[in-house]
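[1] turn this into a structure:
(one chain, ligands or ions: 1)
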Amino acid sequence: MSVHTLQSQAPFSCDPAHSLGRRYAEPAAPTRNAFQRDRDRIVHSTSFRRLVYKTQVFLNHEGDLFRTRMTHSLEVAQLARSVARVLGLNEDLVEAIALAHDLGHTPFGHAGQDALNACMQEHGGFEHNFQSLRVVDSLESRYPQFEGLNLSFETREGILKHCSAKNAQYLVDSECSEGSGGLVKKVSVGSRFLERKQPSLEAQLCNLADEVAYNAHDIDDGVRSGLIDLEKLAEVPLFESFRVQVMKEFSGLSARKTAYETIRRMLSAQVYDIIESTGKALAKYDIKTLDDVRCAPPLVCFSESMREQSTQLKRFLFQNLYRHPQVVETTNWAKGVVTDLFNAYINDPKEMPTFYQSRTNLNRAVSDYIAGMTDRFASAEYVRLCAASPSPGEHAYA
Ligand code: MG
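    Numbering: from 1, shown residues only. A predicted model of the protein is given here:
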């Protein structure tokens, strides 16, 4: 398939006119389809605005130019839309899923999630995908008729990338029972995990675009921070092959422009690879309808060789960036902040807003409250409640 081919909506894509619907019945919007409306609700949500001040890898206060959850989500949306347009998938749905996929992330990136999960071990645990769904299903509180954003099934399905069997069963039980408040009886987003079926291609695409985005921007941020250098990146075949190409084409290029151009080519190569490999998978399994998609193995994919190169890149980032002593130092500090805050609110729930104090399950209420915090709000609460230093110390990043 030519990468320049523009397809109209493919028959195996999600069609907003045939959505499996919202949890609470609503009249259609006069000028927007269901997925456009979902995207707009996400953009106007409080949780979406908070992504600006949430860590991706580098803590928010460490530099203004590093990715945050917000810019990461925008990059995922850009990559996923590029692929969606060529494959004839629904771009509005892809955009909605991509913008919402990290809404459930705690402050301080994965460190925050690990600490919160440890605090919640005896109380059902904490998992950011499931939390993203909780945000759009119940924690956003802004509409008179229902809690949450009342998004379409297809958007919610895409947000819930992974789910434990226990949480999946909980979703099936709660969504498929006849509820109050106009709940429409529909398929549960938990069902596919129990039936071992796949989500839509739009959802699968956002999942892979997430990986492509963070692999590329973590190299960029890693180089910018000085924690990884271009010479060290020679260990990564996917990066090195394009870097050599760039150096050959442009002599005397600055290190920064070399990195940008190399990353740009890496991104393009991965996007074209996904388009080609997914096209082949669609043909191999003779995919004609959305039902075919759900019953087939995962279809949005890399070629075998790109998968291998992507794994090598991930391994490199893990060893050289996520495990870098300077990153680990801030990570450990962040885990302490989340753990101490959790204990502080459990011991004195009055320190939380009344909305959280009044909930029957105090542990889940504290978990929801902390998960929603931005880095800087969590730091301020840490200083206020735990009389602690507001940051792990200054790092001189560029
Ligand atoms: Mg992400």
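
[2] just checking, what packs against the helix or strand of the chain with the lowest mean pLDDT?
    Sorting the helices and strands of the chain by mean pLDDT, DSSP states H and E puts helix 165-176 at the bottom, at a mean of 89. Packed against helix 165-176 by the contact rule (3 or more C-beta pairs under 8 Å, 6 or more residues apart in numbering; DSSP states H and E) you find helix 191-195. For every residue, glycine as well, the C-beta is placed using N, CA and C.

[3] number of nearby residues for Ala118?
    Neighbourhood size, Ala118 [other C-beta atoms under 10 Å]: 14.

[4] cool, Lys280 as well?
    By other C-beta under 10 Å, the residues close to Lys280 number 14.

[5] quick one: it and Leu253, what's the gap?
    Separation of Lys280 from Leu253 (C-beta to C-beta, to the nearest Å): 35 Å.

[6] how about the strands in this protein?
    For the chain, no strands are identified by DSSP state E.

[7] now do the longest helix seen in it: distance to the chain's middle.
    Counting residues, the longest helix found in the chain (DSSP state H) is helix 255-284. Here helix 255-284 is found 20 Å from its chain centre; the criterion is C-alpha atoms, centre = their mean, to the nearest Å.

[8] ditto for stretch 193-202
    18 Å.

[9] show me the contact partners of that stretch.
    Stretch 193-202 is contacted from outside by 12-14, 80, 84, 87, 89-90, 93-94, 97, 154, 157-158, 163, 165, 168-169, 172, 191-192, 204, 278, 290, 293-300, using C-beta atoms under 8 Å, 6 or more residues apart in numbering.

[10] identify those among the residues you listed that sit within helices.
    Using DSSP H, the contacts of stretch 193-202 in helices are 80, 84, 87, 93-94, 97, 154, 157-158, 165, 168-169, 172, 191-192, 204, 278, 290, 293-295.

[11] can I get the buried part of these as one ChimeraX selection?
    Selecting only the buried entries of the ones in helices among the contacts of stretch 193-202 in ChimeraX, with 16 or more other C-beta atoms under 10 Å as the criterion:
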select :80,84,87,93,94,97,154,157,158,168,169,172,191,192,204,278,290,293,294
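
[12] residues making contact with stretch 352-362?
    Under C-beta under 8 Å, 6+ apart, the answer for stretch 352-362 is 123, 141, 345-346, 349-350, 365-366, 368-369.

[13] so which of the residues you listed is the most crowded?
    Busiest of the contacts of stretch 352-362 [other C-beta under 10 Å] is Val366, holding 26 neighbours.

[14] how much space separates that residue from the ion?
    In this view, Val366 and the ion are 24 Å apart by C-beta to the ion, to the nearest Å.

[15] and that residue, what does it touch?
    Val366 touches 342, 345-346, 349, 352, 356, counting by C-beta under 8 Å, 6+ apart.

[16] just those residues: which are in helices?
    Using DSSP H, the contacts of Val366 in helices are 342, 345-346, 356.

[17] Asp292 and Ala283 touch, don't they?
    No: assessed by C-beta atoms under 8 Å, Asp292 is found out of contact with Ala283, at 11.9 Å.

[18] so for these two, which sits in the more crowded spot?
    For the pair Asp292 and Ala283, the greater number of neighbours falls to Asp292 (15 against 10), based on other C-beta under 10 Å.

[19] any idea of the pLDDT on the nearest residue to that one once chain neighbours are set aside?
    With sequence-adjacent residues excluded and distances taken as C-beta to C-beta, 6 or more residues apart in numbering, Asp292 is closest to Phe12, at 6.4 Å. Per-residue confidence (pLDDT) for Phe12: 97.
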